[in-house]
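Asks: Predicted model follows, preceded by the sequence.
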Number of protein chains: 2
Amino acid sequence: MYGMRAIFCNIKFKMFVKFASIIGVTMLKEERFQIILDQLGHEQKVYLGHLSTLLNVSEDTVRRDIKELADQGLLKSVRGGAVPHSPGPHHFRDRMTYDNEQKLIIAKKALQFLKNGQVVIFDGGTSALLIAQMLPKDLELTVITNSFPIASILEEHEHVEVLFAGGRLLKNSFVTIGNDAMQFFKKFRADICLLGICSIHADLGVTGPDFEESEVKRTIIESSKEVIALATTEKLGTAEAYYVCPTDRLATIITDQPDDNEEFKIYKDMGIRMV
Amino acid sequence: MYGMRAIFCNIKFKMFVKFASIIGVTMLKEERFQIILDQLGHEQKVYLGHLSTLLNVSEDTVRRDIKELADQGLLKSVRGGAVPHSPGPHHFRDRMTYDNEQKLIIAKKALQFLKNGQVVIFDGGTSALLIAQMLPKDLELTVITNSFPIASILEEHEHVEVLFAGGRLLKNSFVTIGNDAMQFFKKFRADICLLGICSIHADLGVTGPDFEESEVKRTIIESSKEVIALATTEKLGTAEAYYVCPTDRLATIITDQPDDNEEFKIYKDMGIRMV
DNA sequence: TTAGTACTTGCAATTATTTGCAACAAATGT
DNA sequence: ACATTTGTTGCAAATAATTGCAAGTACTAA
């Protein structure tokens, strides 16, 4: 599993480098910030040397960037690199900045599946949130969600009816969970649901790191005719402690990679649409 | 579908720009604003150079445009371009207009009724919101509410458990209403509830201007042992269309005036504590 | 201690931004 | 119709920020 992880890291690495070289010298400082934070969203640490080559700037500049980010409290500067500010579950507002490049790609791809008049369940993760952010203002939907940020964004969409699942408020991630939330979802039969994914494994199915969150996800899936999974490529082939659903319950998996990726074959063979 | 939209937008932009440059028509500043914001809606960043060619104006002008938009808080100006102002869900936090003196006085008075370990229902109005804002960080409460802003504020209170009522999201006021919200409140028996008041009349009871809101308030009251009403003095002695509860159901009325006010006598005689 | 590495500081080259100014166009008043 | 005001735009010089380099300092591990 570790090997696979490494491979994915490399792919990501190349993407960034390519990205940087296209832009050339004219890369905004903020973009570097974003990428540094993205990295820290996945790894527990970043090295000056890595970032230097990745961002195509000198180590001095990376050092100054990290210092600036540290001043904003977004990470902790340590000798040789940086680590996340606080270990464990991050606050929602911090997590927003992570992963944007990949998740933006996913969000753009996901929009094609949303049609006027549908009833859609939005999962509480950041992937679904980005989709909500990019939703065309004229799309007519009924959205069912347990995520404060998503509800908050959709408030500006005149033609979107929002049904919010009550329950116990999970601090730091701004979603409601627990029996009440689940009972709420059970009342509906949505056309599709957009499911943020922690881990997918062809044999082991969809799994997540948190028990209650997994329970909610399971309920969401049960209440939806069709499940669209949102997963960055590195989540494929990994597994966590709590079971959500079998892999073939997913109708579609949207990733940040083109659909001709070799890794996707095993899922395609199961009849899943890879996008 | 979305992709197609983006393409059309681009074509439209380019056509317009070309057209403008041939004919020599100058584009309205507001059109440029719109285009810049559109770009930022899709991408995470915009470059001065890019916009300069796209809009067919000098970089200086783009810079001034961005500065103006930044002053309006619509984006963040950075060296070399601009980035979205805040990727996070700050919407309803911004709306909290630091309200008038009266409600602040009420909020301060209300704090004395909140004790460790209580289960408290917070109504969705601005009065209750102010109380939530002023809540000491070390107070241990279980709060039940249907208000996004209140839940959002209490998220930062470590010792406050938040139970959020699901239901249909009322746009513009960020509260949930409808049957689901009411059913949620009915599950509890709170120690006290903090009720924002529209109108109180000694004979006609508590009334409000909105039917569904009144229904929710009624449910809240039914689920609470003790009702604390929050009312600016001018609301006393008035009435609205929709009935909420009889006046003597209120244990306490908190107003912005000292409790020796003459108007209060009629309520005191009913056994209501005026504060 | 010693070697190796990372960090700090100052500096110069580059690049972006600010500022003042003049040309121009549209709206307004006479 | 004409002059005046107002606002926008592009240009250029002054100003400020960013970046990489280099010399010196501080830290870490054997």
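Replies: Happy to help now that I have it.
Asks: Surely residue A:120 is within a helix?
Replies: No: using DSSP: H, G, I helix; E, B strand; the rest coil, the assignment for residue A:120 is strand, not a helix.
Asks: Verify the stated contact: it with residue A:139.
Replies: No: the pair residue A:120 / residue A:139 is not scored as a contact, 9.9 Å apart, by Cβ atoms under 8 Å. (C-beta placed from N, C-alpha, C; glycine too.)
Asks: Show me the shaky parts of chain A.
Replies: Scanning chain A for pLDDT under 70 picks out A:1-26, A:86-100.
Asks: Residue numbers of it in contact with DNA strand C?
Replies: A:25, A:26, A:48, A:49, A:60, A:63, A:67, A:78, A:79, A:80, A:81 (Cβ under 7 Å from any atom of the strand).
Asks: Which residue ranges of the stretch 1-150 of chain A form helices?
Replies: Remark: helices assigned in the stretch 1-150 of chain A by DSSP state H, counting those that start in this stretch are A:2-23, A:29-42, A:48-55, A:59-71, A:92-95, A:100-110, A:126-134, A:148-154.
Asks: hang on, the earlier thing: among the residues of chain A next to DNA strand C, which one sits closest to residue B:244?
Replies: Closest approach to residue B:244 among the residues of chain A next to DNA strand C (Cβ to Cβ): residue A:67, at 56.5 Å.
Asks: Please report how far the closest one lies from residue A:264.
Replies: Distance of residue A:67 to residue A:264, computed by Cβ to Cβ, to the nearest Å: 41 Å.
Asks: So these two - more neighbours on which side?
Replies: residue A:264 (19 against 11; other Cβ atoms under 10 Å in any protein chain shown).
Asks: can you list the domain ranges for chain A.
Replies: Following automatic domain parsing, chain A resolves into domains at A:2-88, A:100-274.
Asks: which of those domains is buried the deepest?
Replies: domain A:100-274 (a mean of 20; mean count of other Cβ atoms under 10 Å in any protein chain shown).
Asks: Quick one: distance of that domain to the chain centre.
Replies: Domain A:100-274 sits 9 Å away from the centroid of its parent chain (Cα atoms, centre = their mean, to the nearest Å).
Asks: hang on, the earlier thing: take the residues of chain A next to DNA strand C and write them to TSV, including distance to residue B:226.
Replies: Putting the residues of chain A next to DNA strand C into TSV (distance: Cβ to Cβ, whole Å) gives the following:
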residue	distance to residue B:226
A:25	67
A:26	64
A:48	60
A:49	64
A:60	64
A:63	59
A:67	54
A:78	53
A:79	58
A:80	59
A:81	56
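Asks: Show me what from chain A comes close to DNA strand D.
Replies: Near DNA strand D, when you scan chain A using Cβ under 7 Å from any atom of the strand, you find A:29, A:32, A:56, A:57, A:58, A:60, A:61, A:64, A:65, A:79.
Asks: Swap in 10 Å and give it another go.
Replies: A:25-33, A:52, A:55-65, A:68, A:78-80 (Cβ under 10 Å from any atom of the strand).
Asks: Look up how far residue A:183 lies from the closest residue to residue A:188 other than its chain neighbours.
Replies: Nearest in space to residue A:188, with sequence neighbours left out and distances taken as Cβ to Cβ, 6 or more residues apart in numbering or on different chains, is residue A:223 at 5.3 Å. To residue A:183, residue A:223 is 11 Å away according to Cβ to Cβ.
Asks: before we move on, what about residue A:154?
Replies: 22 Å.
Asks: Next, whichever residue of chain A sits closest to DNA strand C: phi, psi?
Replies: When scored by Cβ to the nearest atom of the strand, chain A has residue A:79 as its residue closest to DNA strand C, at 3.7 Å. When quoted as degrees, to the nearest 10, the phi and psi of residue A:79 stand at phi -60, psi 120.
Asks: what sits up against stretch A:169-179?
Replies: A:89-92, A:95, A:124, A:146-149, A:164-168, A:212-213, A:215-216, B:89, B:151-152, B:154-155, B:158, B:161-164, B:166 (Cβ atoms under 8 Å, 6 or more residues apart in numbering or on different chains).
Asks: what do residue A:120 and residue A:139 both touch?
Replies: Listed contacts common to residue A:120 and residue A:139 are residue A:114; contacts here mean Cβ under 8 Å, 6+ apart.
Asks: Just the ones of the contacts of stretch A:169-179 in strands?
Replies: Per DSSP state E, strands hold the following members of these: A:164, A:167, A:168, B:161, B:162, B:163, B:164.
Asks: what ranges do the strands span in the stretch 151-275 of chain A?
Replies: Taking DSSP state E, counting those that start in this stretch as the test, the strands found in the stretch 151-275 of chain A are A:160-164, A:167-170, A:175-177, A:190-196, A:199-201, A:205-208, A:224-230, A:242-245, A:252-254, A:273-274.
Asks: Mind listing the strands the last one pairs with, and their directions?
Replies: Partners of strand A:273-274 in the sheet, by DSSP bridges, are strand A:252-254 (parallel).
Asks: wait, which of the ones in strands among the contacts of stretch A:169-179 is closest to residue B:242?
Replies: residue A:164 (23.2 Å).
Asks: got a list of what the closest one touches?
Replies: A:144, A:145, A:146, A:151, A:176, B:164, B:166, B:167, B:168, B:169, B:176.
Asks: now with 7 Å?
Replies: Contacts of residue A:164 were listed using Cβ atoms under 7 Å, 6 or more residues apart in numbering or on different chains, and they are A:145, A:151, B:166, B:167, B:169, B:176.
Asks: Pull the contacting residues for the residue nearest to the last one when sequence neighbours are not counted.
Replies: I take that to be residue B:176. In this structure, residue B:176 finds its nearest non-sequential neighbour in residue B:167, 3.7 Å apart by Cβ to Cβ, 6+ apart. Counting by Cβ under 7 Å, 6+ apart, residue B:167 touches A:164, A:166, B:146, B:176, B:177, B:178, B:180, B:181.
Asks: The second one and residue B:165 touch, don't they?
Replies: Yes: look at residue A:166 against residue B:165 with Cβ atoms under 7 Å: they come within range, at 4.6 Å.
Asks: who touches both of the two?
Replies: Joint contacts of residue A:166 and residue B:165 (Cβ under 7 Å, 6+ apart) are residue B:184.
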